[in-house]
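[1] need coordinates for the following:
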Amino acid sequence: MLGLGEAENLFAPTVTTRMARSLSDVELRRYSGDGFAHALLESPDLRATVEPASGPVRCNMLVRSFLVVLAMTAVAIATPLRSTAAVELIFDTQEFAPLNYSEGGVVKGPVAEIIQKVCAEMRIDCPMRSLPWGRAQQEVMEGKAQGLFSIGWNTERAKWLYFSPAILNSEYGFFVRNDNPLAFKQNADVKGYAVGVYGPSNTATALDKIKAEVKDITVDMTPGDEAAFKKLSVGRVQAVFSNRDVGYDVIQKLNIANVRYAGRQQTLKYYIGFSQKFTDKKLVDQFNATFRTLQKQGVIQEVLTRYKMDPAPPE
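    Take a look at the predicted model:
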């Protein structure tokens with residue numbers, strides 16, 4: 001019968017290293033309890049270590065327990081550490097129906113559904129939050145979220161965001177009251193107008209460029225689209241510059257009957273943006289590659305068509 005000290009002396013200082021070499025990671029996983037001890041005793045490298053010249057060692061319970069502890073150490077050495085943290089992309093957006101909106105606290109809309117499909121294919125978690133637009137952008141800038149949607153491309157955003165492939169086509173244009181005969185063709189058509197616009201936003205940035213060209217335009221910026229259209233309806237501004245689809249949605253929601261779309265000023269595409277500072281570029285590339293695969297399969301087009309949106313062509 002061996003005491004603990006005698007059992008310890010049977011092992012050279014490098015015994016756990018030998019265990020790691022003797023039994024592969026896959027082999028070690030096959031055993032538990034005394035099975036570890038048996039596997040180790042049968043290992044050719046270790047038999048020479050634990051069997052003295054006088055004959056095999058009879059493993060009592062103490063030795064077996066000791067071997068189990070050493071076997072577990074060998075597993076830790078032989079098996080690389082794996083991260084237990086789940087891969088996650090957090091997306092922020094705003095109330096921007098019909099592109100993005102919330103129902104019962106759940107973010108919905110065509111782009112949200114597309115993100116869900118891409119993330120499901122990638123097998124990653126992608127929670128979404130609808131916030132005031134300024135706060136949504138700030139969270140991505142600070143790393144509290146990684147993604148931002150639905151956004152138009154501009155040079156300022158390109159300085160701090162990676163972009164997805166173009167998701168859908170839309171347009172900016174002018175809405176006027178029904179008693180205004182305007183059929184918009186060129187920027188000079190709104191010279192002398194007070195124009196409502198939601199901002200700060202990419203839409204407001206686009207209107208500022210029109211103002212720089214035409215000069216004689218008064219920009220009336222509001223913190224939401226609804227306020228701008230309410231002002232137009234009662235005659236406090238002469239036009240509203242807006243995304244066409246968003247404008248139609250606001251008119252229907254507010255039941256405004258005396259406002260119409262006067263024409264397109266420019267076409268644009270909408271994207272998903274990812275923080276360059278806080279998002280692994282490899283993960284962004286994987287997201288975009290998965291998006292393109294679903295696009296080739298017709299999945300993206302099916303979602304957008306269901307929402308009566310115009311899919312952007314593959315890039």
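
[2] show me the strands in the stretch 51-200 of the chain, by range?
    Ranges of strands in the stretch 51-200 of the chain, per DSSP state E, counting those that start in this stretch, are 91-93, 101-103, 106-108, 128-130, 147-151, 161-163, 168-177, 194-198.

[3] who does the longest one pair up with?
    By that I understand strand 168-177. strand 239-243 (antiparallel), strand 259-275 (antiparallel), strand 310-311 (antiparallel) (DSSP bridges).

[4] ok, the spatially closest residue to Pro110 that is not a sequence neighbour - how many residues close by?
    Excluding the flanking residues, the one nearest Pro110 by CB to CB, 6 or more residues apart in numbering is Tyr307, at 4.1 Å. Placement of C-beta: from N, CA and C, glycine included. Tyr307 has 15 neighbours, counted by other CB atoms under 10 Å.

[5] tell me what Ala194 is bridged to.
    Under DSSP bridges, the beta-bridge partners of Ala194 are Thr218.

[6] so who does it touch?
    Each residue near Ala194 by CB atoms under 8 Å, 6 or more residues apart in numbering is listed here: Ile217, Thr218, Asp220, Arg236, Val237, Gln238, Ala239.

[7] surely the second one and Lys191 touch.
    No. The criterion here is CB atoms under 8 Å, and Thr218 misses it with Lys191 at 10.9 Å.

[8] identify, out of the strands paired with strand 168-177, the most deeply packed stretch.
    strand 239-243 (a mean of 28; mean count of other CB atoms under 10 Å).

[9] need the next SSE after it, C-terminal direction.
    Sequence order places helix 244-254 as the next helix or strand after strand 239-243, per DSSP states H and E.

[10] show me what that following helix is packed against.
    With contacts taken as 3 or more CB pairs under 8 Å, 6 or more residues apart in numbering; DSSP states H and E, helix 244-254 sits against strand 168-177, helix 225-233, strand 259-275.

[11] Glu142 is nearest to which of those?
    In terms of CB to CB, the element of the helices and strands packed on helix 244-254 nearest to Glu142 is strand 259-275, at 9.0 Å.

[12] what helices or strands is the helix or strand following that closest one leaning on?
    Using DSSP H and E, the helix or strand that follows strand 259-275 in sequence is helix 281-296. For helix 281-296, the elements it packs on are helix 110-122, helix 299-306, judged by 3+ CB pairs under 8 Å, 6+ apart.

[13] just those helices: most buried one?
    Among the helices and strands packed on helix 281-296, the stretch with the highest mean neighbour count (mean count of other CB under 10 Å) is helix 110-122, at a mean of 20.

[14] and it, what's its mean pLDDT?
    Over the span of helix 110-122, the pLDDT mean works out to 98.

[15] do the same with stretch 287-297
    98.

[16] what lies in contact with it?
    So stretch 287-297 is contacted by 89, 114, 117-119, 121-122, 164-165, 274, 300-301, 314 (CB under 8 Å, 6+ apart).

[17] let me know the closest of these to Gly152.
    Ser164 (12.4 Å).

[18] pretty sure that closest one is touching Tyr270, no?
    No. Taking CB under 8 Å as the definition, Ser164 is not a contact partner of Tyr270, at 9.5 Å.
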